[in-house]
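Engineer: Have a look; sequence and predicted model below, questions after that.
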Amino acid sequence: MKYLIFILFLYSFSLSANIFQDISCGEYDASIYPSKTEFKGSVESEITEIGIKEFFDEVDKFDPSEPQWIFTLVDRETGKYKKSFPRKPPNNDSGVVIEHQIIQPHLIYRVGDNILAGSNNGEFGGSLVLIDKNNKVTLIEEMNIEDIYEMPFGLVITSGLAHMSWNYGDIHLVNKNFKLEKLYSLVGMPQSSWLLENGDLLINSYPSGSQVLTKSGYMKRVQCIANTYEPSASQ
């Protein structure tokens, strides 16, 4: 009986040791993504006590169930845009002021005449916005965007956050109406990702752990044998 238990233990250990598929991971090559441009993202804020009436007159034209935000394109070439919204004065006085944030996304992805712009500011948040052919800026989702890729079944978004006790990541599909549909959760915040030679998408999560979204649309856990992924500290 003792020998049977020992054999079963060895068998179970062997199975657990091989749950990850060994693959050759390669490395990121920006030249193979002609539709994508990356930038050093930034957010510049200005608070003003003027233009409050004009702001609310403009907001009144929108759906009242939506957040009171106004988006304005600054530069189509870089995807830079302005986000304006009401807030309390920074000195805690009563009343309302308008904060204007000039946001330079970390990346833009061109989809025909439209542009997807993604930003990632760690614990301070991020967003995915659509810039249409008429230069209208529309918020798709508040989320920290790691990257955007075109797969055989559509555009996918990798996103997530690692901060204090939080560590999560997701993969979403962008549908034809530029709405998001969640495909999978990741083992942690995506720190890096790139397309493999066979068309699959490799995602390296923080603090360690890699997974692949195949070109057929399913997920699997992997470990790289051609290069060692060294995670850096959380941002």
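Structural biologist: Looks like it came in fine. In this text, all values refer to a predicted model and were calculated from it rather than measured experimentally.
Engineer: Can you list the low-confidence ranges for the protein?
Structural biologist: 1-18, 226-235 (pLDDT under 70).
Engineer: any idea how far residue 172 is from the spatially most central residue of it?
Structural biologist: The centroid of the chain falls nearest to residue 145 when counting by C-alpha atoms, centre = their mean (1.7 Å). Note on residue 145: its distance to residue 172, by C-beta to C-beta, to the nearest Å, is 10 Å. All C-beta atoms are positioned from the backbone trio N, CA, C, and that covers glycine.
Engineer: if I look at these two, which residues touch both of them?
Structural biologist: Common contacts of residue 145 and residue 172 (C-beta atoms under 8 Å, 6 or more residues apart in numbering): 157, 159.
Engineer: returning to that earlier point: can you pull the phi/psi pair for the residue nearest to the centre of the chain?
Structural biologist: Dihedral pair for residue 145: phi -90, psi 120, per degrees, to the nearest 10.
Engineer: so how many other residues sit close to the nearest residue to it once chain neighbours are set aside?
Structural biologist: Spatial nearest neighbour of residue 145, chain neighbours left out: residue 118 (3.0 Å); criterion: C-beta to C-beta, 6 or more residues apart in numbering. For residue 118, the count of nearby residues is 28 (other C-beta atoms under 10 Å).
Engineer: I figured residue 118 hits residue 148, correct?
Structural biologist: Yes. Because the distance of 6.1 Å satisfies C-beta atoms under 8 Å, residue 118 is recorded as touching residue 148.
Engineer: Quickly list what's touching both of these two.
Structural biologist: Here residue 118 and residue 148 have 107, 109, 157 as joint contacts, going by C-beta under 8 Å, 6+ apart.
Engineer: how much space between residue 157 and residue 185?
Structural biologist: In this view, residue 157 and residue 185 are 13 Å apart by C-beta to C-beta.
Engineer: Spit out the residues that contact these two alike.
Structural biologist: Common neighbours of residue 157 and residue 185, counting by C-beta under 8 Å, 6+ apart, are residue 171.
Engineer: how close does residue 146 sit to residue 28?
Structural biologist: 12 Å.
Engineer: To clarify, my last question referred to residue 60.
Structural biologist: Distance of residue 60 to residue 28, computed by C-beta to C-beta: 46 Å.
Engineer: the more surrounded of those two?
Structural biologist: Taking other C-beta under 10 Å, residue 60 and residue 28 do not tie; residue 28 has more neighbours (12 against 9).
Engineer: quick one: what helix or strand has that one in it?
Structural biologist: Using DSSP states H and E, residue 28 sits in no helix or strand.
Engineer: What sits closest to it if chain neighbours are left out?
Structural biologist: residue 194 (4.1 Å).
Engineer: Is it correct that the one you found falls within a strand?
Structural biologist: Yes. The assignment for residue 194 by DSSP: H, G, I helix; E, B strand; the rest coil puts it in a strand.
Engineer: Hmm, residue 204 and it touching each other?
Structural biologist: No. Checked against C-beta under 8 Å, the pair residue 194 and residue 204 is beyond contact range at 9.0 Å.
Engineer: distance of residue 89 from residue 101?
Structural biologist: According to C-beta to C-beta, residue 89 stands 16 Å off from residue 101.
Engineer: where exactly do the helices run in this protein?
Structural biologist: Taking DSSP state H as the criterion, the chain carries its helices at 2-16, 52-59.
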